[in-house]
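1. Sequence below, structure please.
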Amino acid sequence: DILVDGKVCDCDIVVTCQVGDPVPLQVKLTNWSKHSVGPFALTMMPYQDYQNGVHNYDLQDAITFVGSNTFYIDTVKPTKNSVYFGALLFLYTGDFYLNIKFHEDNCSRDLPLSWLCLPSVHIRATEPVA
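-> Sure, this is the predicted structure:
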């Protein structure tokens, strides 16, 4: 489950926030398998989609994380969950996306694609209301 500013997100929802206000993020990982999983890391990468096949991940002047964008997970037992909290701060207006993926903690090789299937979260940063 992914919550942005307290709202559940999926691929069809655009979350609107204001520039300059921290936007709370919450990612809850639930292990529905019969075996424990881990260790691995949860990484959140913001980007802009130029709608021509190009994704711009060089956004350090437009977005900053309050805290870390990577969370390390030791083990998640069957039917249990782990919840990770963070926040984004948008410095400019625009449409941004958040790519959320899991990868092995101690290796550069990614987990199988089934682990990387979280939808991108669409966030629209707007001017503050006066």
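2. Residue 43 and residue 72 touch, don't they?
-> No - counting by Cβ atoms under 8 Å, residue 43 stays clear of residue 72, with 10.1 Å between them. For every residue, glycine as well, the C-beta is placed using N, CA and C.
3. Can you give me the buried ones in stretch 42-53?
-> 42, 44, 46-48 (16 or more other Cβ atoms under 10 Å).
4. Adding secondary structure and pLDDT, write the residues you listed out as JSON lines.
-> Listed next are these as JSON lines, based on DSSP: H, G, I helix; E, B strand; the rest coil; pLDDT from 0 to 100:
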{"residue": "42", "secondary structure": "strand", "pLDDT": "83"}
{"residue": "44", "secondary structure": "strand", "pLDDT": "86"}
{"residue": "46", "secondary structure": "strand", "pLDDT": "90"}
{"residue": "47", "secondary structure": "strand", "pLDDT": "92"}
{"residue": "48", "secondary structure": "strand", "pLDDT": "92"}
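5. Spatially, which two of those residues are the most separated?
-> Within the buried residues of stretch 42-53, two members stand farthest from each other by Cβ to Cβ: 42 and 48, at 21.5 Å.
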